[in-house]
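Undergrad: below is the structure, and that's it, no one-letter string:
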């Protein structure tokens, strides 16, 4: 027979033992937590920050022209190769010109005939003038001869126009470069038949390039207000940096020149144009990159990311009061730069737990160890050193 009283007694002893162990552990934790934890503490100072901001841009040549055939014909010669630099007026292609040469010859013959007829009409007018002066014939015959002379002179004008048109058509068989530039792909080969309007190649002038980037309406308004306040000058953005697709900085600065006239429907953005020199031909038409410009933020604070923690999409730091007790404080970042949050809403002199935030909790007392700005913002200093020719990135200028 099972002795239920013994079983009940056994379980009571086990539960009592567990509770006693937990109480002893709790007292031990309280004893350990009663000693203030030593943590590094950063004192916040308001700063004026030139914060870099990037925009995706499209790179285009200052001149990009499609070279198309103006007349029909077979490709007799190709004088250049793809990727070759050509000068303005240099011959690129030669189309067959036999039919057009015949048109020029016929037009020349017609003009010669018209001039001969006009000459004969002119002599007839002179002859009739003599007869009219001697009253041998009436003046009506002279007027008729003058009319014939006018028709002959009109024929000369018409045939001269036809000849000029034929000569122009013949000249179109030699396709020349419209300006100094680089030859793009050549789709037609020697012997190919081309018709008027066919694309022969593209010519690009990349001695300089345009970089187009888009900003939203709020950024546009901020830019225009700052420009108006400065009397219409763009001193802060006359030299902009270009980040290439491989992440490296382009060694030459660009100048903001102009913007589009209207906002783009659907996106609500407007494009700005920056001109960059391209002396070594590194940039090509159709390439992509990022425009980097700096925005000045005043009376803000830099909070190291390791000094923060996140709960349900909200960011928090641990603040210290005058008694070195911890208080949880939430904040909303304005921007994120490298491993720092740019924020406002704090006061100069506020102290936050710099690192080791997992060792503390709200309401506990800590033993603070001051952290210098050089230690706190070491990563930011390294970022500036690695930046090629920074655009006034004096990110730590105190107010």
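TA: Received, thanks. The model shown is predicted, which means the values in this text are computed figures rather than measured ones.
Undergrad: buried ones in the strand ranked longest in the chain?
TA: Longest strand of the chain, by residue count under DSSP state E: strand 47-68. By neighbour count on 16 or more other Cβ atoms under 10 Å, the buried set for strand 47-68 is 47, 49-52, 55, 57, 59-65, 67. Where you see a C-beta, it was placed from the backbone N, CA and C, and this is true even at glycine.
Undergrad: same thing with stretch 267-280?
TA: 269, 270, 271, 272, 273, 274, 275, 276, 278.
Undergrad: including secondary structure, could the residues you listed go into JSON lines?
TA: As requested, the buried residues of stretch 267-280 are exported to JSON lines (DSSP: H, G, I helix; E, B strand; the rest coil):
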{"residue": "269", "secondary structure": "strand"}
{"residue": "270", "secondary structure": "strand"}
{"residue": "271", "secondary structure": "strand"}
{"residue": "272", "secondary structure": "strand"}
{"residue": "273", "secondary structure": "strand"}
{"residue": "274", "secondary structure": "strand"}
{"residue": "275", "secondary structure": "strand"}
{"residue": "276", "secondary structure": "strand"}
{"residue": "278", "secondary structure": "coil"}
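Undergrad: in JSON lines, list those along with pLDDT and distance to residue 353.
TA: Formatted as JSON lines, the buried residues of stretch 267-280 follow (pLDDT from 0 to 100; distance: Cβ to Cβ, whole Å):
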{"residue": "269", "pLDDT": "91", "distance to residue 353": "41"}
{"residue": "270", "pLDDT": "92", "distance to residue 353": "44"}
{"residue": "271", "pLDDT": "92", "distance to residue 353": "45"}
{"residue": "272", "pLDDT": "92", "distance to residue 353": "42"}
{"residue": "273", "pLDDT": "93", "distance to residue 353": "47"}
{"residue": "274", "pLDDT": "93", "distance to residue 353": "43"}
{"residue": "275", "pLDDT": "94", "distance to residue 353": "48"}
{"residue": "276", "pLDDT": "95", "distance to residue 353": "45"}
{"residue": "278", "pLDDT": "94", "distance to residue 353": "50"}
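Undergrad: quick check: next helix or strand after the longest strand of the chain?
TA: strand 73-78 (DSSP states H and E).
Undergrad: what about the residue nearest the centre of the chain, distance to residue 265?
TA: Centroid-nearest residue in the chain: residue 57, 2.2 Å away (criterion: Cα atoms, centre = their mean). Applying Cβ to Cβ, to the nearest Å, the value for residue 57 to residue 265 is 21 Å.
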